[in-house]
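okay, structure incoming, though there's no sequence with it:
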Ligand SMILES: Cc1ncc(COP(=O)(O)O)c(C=O)c1O
């Protein structure tokens, strides 16, 4: 039944979204045959000494890391394990405010005291930009944090200056964990920004399934320095990863990495991207967002200058052109690409955009930028006496839950933060635009879980 329904949804639709295998048989065929368990000779991901160790060692060599560990539970498992391995219960930590919810969850379960650094803003599209090293320095000095977690590249492909940030973090005696969920493809071509793996980060976590041709759930945890204990990481993976990791997922990682070593997949991919960017210069109202240090594998189609929203553009592409994008926001729609994309796919997208663009008119829009800045009253693990209030009555109250748009999955409101009007307006704007809004207590949009405050 589910299979039939998925077929109905995907038939004839071109996927400009994850997973990076783009449903191409080359990356999928035969993997069902690898669905075994820890039988004789099959090794064990949780204590690898045989064939899994061999595959991971070969990956570490390819990536130039101290150790590379395959994950079948996505970057989520890597983030939870990496942070829990580095920080002790109740430690101070500096995290970028645009981190994925898995980072917040790792902080919450370890009762870490969060000190936020806010990224710069890419005002034109209304998205977060990079983290400034000076902000990290100040936050570390103020907090005495044990670790720093930042996201680079972001969902939109913006990378931070990891080299300088790593220097700052280490000078302050901390550990740098980089959530590179969107960066597994970096380091294989100079066309893309350098990977955090080679820029001084201590732990780098990547969702192989997002930007490499791997099965959903495939991810990598790279130990990139000798400041990190392999045993501590393994211990935490023993908690956060299933005791029955999926062999097809592990094999899909190995297949992609082996193919990358044997065949030049990136030259044709880069050529396709460049052709696409060049053709997109002919658009009159839509444009492709770019910035100085940016992953051009992310096609951020800006609707800033057009009389259409990112949400509407995504909807038209699907309904009229059978092209599914990854995400939409008020001022842009985002297409994810990978080495598995085809000439035909890129051609379909540029033809559709050209067609849509010709019917649009210029519009000067005010960018409704958010996520907003909220006052943090206490830590996400603190707070008592939760009650549910209608969303409009939650203004001024302290949130008891995470509320976020998925994608991209970073909290717009975090527990312990005082809900303000900008946040409520932003959420309702995203919701009415068609974004999927998730709240950790399952309440939004009907209500919001807040903490009762004593007078
Ligand atoms: C920045 C970031 N980190 C972590 C994750 C979690 O990755 P996964 O879905 O592989 O668990 C995501 C997922 O979208 C993400 O965007």
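That came through fine. Being a predicted model, the structure only gives us computed values, none of them experimental. Residues are numbered from 1 along each chain as shown.

in the stretch 51-200 of the chain, what residue comes closest to the ligand?
residue 74 (2.5 Å; Cβ to the nearest ligand atom). In this view, the C-beta of every residue, glycine as well, is placed from N, C-alpha and C.

just give the nearest non-adjacent residue to residue 37, would you?
Nearest residue to residue 37, sequence neighbours excluded (Cβ to Cβ, 6 or more residues apart in numbering): residue 244, at 6.3 Å.

run a quick neighbour tally on the closest residue to residue 220 other than its chain neighbours.
Spatial nearest neighbour of residue 220, excluding adjacent residues (Cβ to Cβ, 6+ apart): residue 206 at 4.7 Å. By the measure other Cβ atoms under 10 Å, the count of residues near residue 206 is 30.

returning to what we had before: dump the residue contacts of the residue of the stretch 51-200 of the chain closest to the ligand.
207, 209, 216-219 (Cβ atoms under 8 Å, 6 or more residues apart in numbering).

report pLDDT for it.
On pLDDT, residue 74 comes in at 98.

could you do residue 124 as well?
On the pLDDT scale, residue 124 gets 83.

for residue 179, give its distance to residue 71.
13 Å (Cβ to Cβ, to the nearest Å).

which helix or which strand is home to residue 59?
Counting by DSSP states H and E, the element that carries residue 59 is helix 51-63.

which bits of the stretch 301-450 of the chain sit near the ligand?
Proximity of the stretch 301-450 of the chain to the ligand (Cβ under 6 Å from any ligand atom) is limited to residues 407-409.

which among those count as buried?
407-409 (16 or more other Cβ atoms under 10 Å).

in JSON lines: these, plus secondary structure and pLDDT.
Shown next, in JSON lines, are these (DSSP: H, G, I helix; E, B strand; the rest coil; pLDDT from 0 to 100):
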{"residue": "407", "secondary structure": "coil", "pLDDT": "93"}
{"residue": "408", "secondary structure": "coil", "pLDDT": "93"}
{"residue": "409", "secondary structure": "coil", "pLDDT": "95"}
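
let me have these in TSV, adding distance to residue 345 as columns.
Putting those into TSV (distance: Cβ to Cβ, whole Å) gives the following:
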residue	distance to residue 345
407	20
408	23
409	25
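
nearest to residue 132, of the residues you listed?
For these, the minimum distance to residue 132 (Cβ to Cβ) is 20.3 Å, reached by residue 408.

contacting residues around that closest one?
100, 154-155, 327 are the contacts of residue 408 under Cβ under 8 Å, 6+ apart.

list only those of those residues flagged as buried.
100, 154-155, 327.

just the residues you listed: which are in strands?
If you go by DSSP state E, the buried ones among the contacts of residue 408 have residue 327 in strands.

can you put the buried ones among the contacts of residue 408 in TSV and add distance to residue 375?
TSV is the format used below for the buried ones among the contacts of residue 408 (distance: Cβ to Cβ, whole Å):
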residue	distance to residue 375
100	22
154	24
155	25
327	28
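
name the nearest of the residues of the stretch 301-450 of the chain next to the ligand relative to residue 426.
For those, the nearest to residue 426 is residue 408 (13.7 Å; Cβ to Cβ).

leaving out chain neighbours, which residue sits closest to residue 154?
Residue 154's closest residue in space is residue 128 (Cβ to Cβ, 6+ apart), at 5.9 Å.

what's the answer for residue 144, then?
residue 92 (5.7 Å).

kindly report the same for residue 282.
The shortest distance from residue 282 to any non-neighbouring residue, by Cβ to Cβ, 6+ apart, is to residue 354 (6.9 Å).

how far away is the one you found from residue 14?
Distance from residue 354 to residue 14, by Cβ to Cβ: 16 Å.

look at these two and report which has more neighbours.
residue 14 (24 against 15).

my read is that the more buried one contacts residue 323, right?
Yes. Between residue 14 and residue 323 there is a contact under Cβ atoms under 8 Å: 4.9 Å.

what touches both of the two?
Contacts common to residue 14 and residue 323, judged by Cβ under 8 Å, 6+ apart, are 348-349.

show me the contacts of residue 74 that map onto strands.
Counted as lying in strands by DSSP E, out of these, are residue 219.

neighbour-wise, which of the contacts of residue 74 leads?
When neighbours are taken as other Cβ under 10 Å, the top entry among the contacts of residue 74 is residue 218 (33 neighbours).

surely that residue and residue 248 touch.
No. At 9.3 Å, residue 218 and residue 248 do not qualify as touching, with contact defined as Cβ under 8 Å.

identify the residues contacting the residue in the stretch 301-450 of the chain that the ligand sits nearest to.
Nearest residue of the stretch 301-450 of the chain to the ligand: residue 409, at 4.9 Å (Cβ to the nearest ligand atom). Contacts for residue 409 (Cβ under 8 Å, 6+ apart) come out as 100-101, 155.

if you set the cut-off to 7 Å instead, what comes out?
100-101 (Cβ atoms under 7 Å, 6 or more residues apart in numbering).

now do residue 324
Contacts of residue 324 by Cβ under 7 Å, 6+ apart are 13, 15-17, 318.

can you redo these as TSV with neighbour count, pLDDT and secondary structure?
Formatted as TSV, the contacts of residue 324 follow (neighbours: other Cβ atoms under 10 Å; pLDDT from 0 to 100; DSSP: H, G, I helix; E, B strand; the rest coil):
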residue	neighbour count	pLDDT	secondary structure
13	15	98	coil
15	22	98	strand
16	25	98	strand
17	19	98	coil
318	14	98	helix
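
helix, strand or coil for the residue nearest to residue 282?
helix (DSSP: H, G, I helix; E, B strand; the rest coil).

what's the answer for residue 81, then?
Under three-state DSSP, residue 81 comes out as helix.

quick one on the thing from earlier: out of the contacts of residue 74, which is nearest to the ligand?
Nearest to the ligand, judged by Cβ to the nearest ligand atom, of the contacts of residue 74 is residue 207 at 3.6 Å.

ok, which stretches of the stretch 301-450 of the chain are strands?
Along the stretch 301-450 of the chain, counting by DSSP state E, counting those that start in this stretch, strands occupy 323-325, 327-329, 332-336, 375-376, 386-390, 398-399, 403-405, 411-413, 417-418, 437-439, 447-451.

what about residue 128, neighbour count?
23.

show the contacting residues for it.
By Cβ under 7 Å, 6+ apart, the contact set of residue 128 is 98, 119, 121, 154.

now it: phi and psi?
Dihedral pair for residue 128: phi -70, psi 150, per degrees, to the nearest 10.

ok, now residue 288?
Torsion angles, degrees, to the nearest 10, at residue 288: phi -90, psi 120.

that one contacts residue 299, doesn't it?
Yes. The criterion here is Cβ atoms under 7 Å, and residue 288 meets it with residue 299 at 6.3 Å.
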